[in-house]
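A.B. asks: Have a look at this fold, sequence not included:
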C-alpha cells in the first residue's frame, strides 16, 4: 500500500493531503505550527496496515497554498478539517492533533461530534496565547518575513524540542534534519503565525466534547507546559491524561514509539467500544 499525496481544493485553497487509503478506521493527523505532515511520518508508517491514515498541511504551511491574508485563522483551519473529512467521505474519524493541530482537533470535536470518533491531543492548549509570548512571536514574524527562519532556527529548536532530544549525541543527524526543515519554511509563514497568536480560546467549548479523548504531553514541554494539558483534562469529561517521558513540544518526533503505541492502543480500545 502506498501513500497518495495530492492537492485538494478545500474552501478555495489547494491543500496538500496524504492518504494511505484502505478500509481500516480513518485516523486524521493535524500538525503543529512551522511544520507539516512530516511530523507524523513515524505514526503513519506504523499504523497504515490497520488504519486509513490521512494527514494534511494546514493552509500557509508545508506544501499547501498560502492565502494572501494578514492572518490565517485557526477558525479557517478548522473549517478546512471539516471539509477534508466531508470531501473524502471518511466520517467519523479518529483525529490526532499536536499543538496548533490540537487547536483544530478540539474545535472539531466540540462543534462537529458527528465527524469525530475519538480525539487524541498532544502538546496543546485550550487557552488564548499568553500575552507574554506575543512579542517573541512578533519578532519571529519580522525575521521570517524579511529574511526567512534560517536566521532564528537555532533559537526556535529549544521551544519545539525537549532537552533530551536536543542533547542526545545519537540523534544529531535527526536534529540537523529537523532544523533544516524548520529553516526551509517559506517567508510567508508569518501569516500562519499571526493566526496562532490571535486565536480565541476554545476552553469554554470543551464541555461539548463527547468523543473519547486522550491527552498527551511531553514532560519536557516548555511551549505548552503540562499544566495546560491538565486543564484540558479537567474540562473534557472522561478524558485520559498521559505524560510522555523525555519529550518536549514535538513528542511524535522525539518519542515516536511511545506516541505511536499510545495512539494505537487508544484507537483500538475505542474501536472495540472499551476505551478507558
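C.D. replies: Yep, it's here. Source: prediction; values computed, not measured. Residues are numbered from 1 along each chain as shown.
A.B. asks: Tell me how many other residues surround the residue lying closest to residue 122 once chain neighbours are set aside.
C.D. replies: Closest residue to residue 122 apart from its sequence neighbours, by CB to CB, 6 or more residues apart in numbering: residue 98 at 4.2 Å. Glycine gets a C-beta too; all of them are placed from N, C-alpha and C. Applying other CB atoms under 10 Å, we find 28 other residues in the vicinity of residue 98.
A.B. asks: Quick check: the residue nearest to residue 92 when sequence neighbours are not counted vs residue 200, distance?
C.D. replies: Closest residue to residue 92 apart from its sequence neighbours, by CB to CB, 6+ apart: residue 117 at 4.1 Å. From residue 117 over to residue 200 the distance is 26 Å, taken as CB to CB, to the nearest Å.
A.B. asks: Which residue of these two possesses the greater neighbour count?
C.D. replies: Set side by side, residue 117 and residue 200 show more neighbours around residue 117, with 20 against 14, by other CB under 10 Å.
A.B. asks: Is that one in contact with residue 96, as I believe?
C.D. replies: No: contact status for residue 117 versus residue 96: not in contact, 11.6 Å apart, counting by CB atoms under 8 Å.
A.B. asks: on that earlier part again, thought residue 123 was touching the residue nearest to residue 122, still the case?
C.D. replies: Yes: using CB under 8 Å, residue 98 is in contact with residue 123, at 5.8 Å.
A.B. asks: any shared contact partners between the two?
C.D. replies: Here residue 98 and residue 123 have 32, 250-251 as joint contacts, going by CB atoms under 8 Å, 6 or more residues apart in numbering.
A.B. asks: How far does stretch 185-205 sit from its chain's centre?
C.D. replies: Put simply, stretch 185-205 sits 13 Å off its chain's centre (CA atoms, centre = their mean, to the nearest Å).
A.B. asks: for the record, mean pLDDT for that stretch?
C.D. replies: Here stretch 185-205 scores 95 as its mean pLDDT.
A.B. asks: next one: stretch 104-111
C.D. replies: Rounded mean pLDDT across stretch 104-111 is 98.
A.B. asks: do the same with stretch 25-41
C.D. replies: The average pLDDT for stretch 25-41 rounds to 98.
A.B. asks: tell me which element residue 54 falls in.
C.D. replies: strand 52-56 (DSSP states H and E).
A.B. asks: helices and strands around that strand, which ones?
C.D. replies: Applying 3 or more CB pairs under 8 Å, 6 or more residues apart in numbering; DSSP states H and E, we find strand 52-56 packed against strand 13-19, strand 26-30, helix 41-47, helix 74-88.
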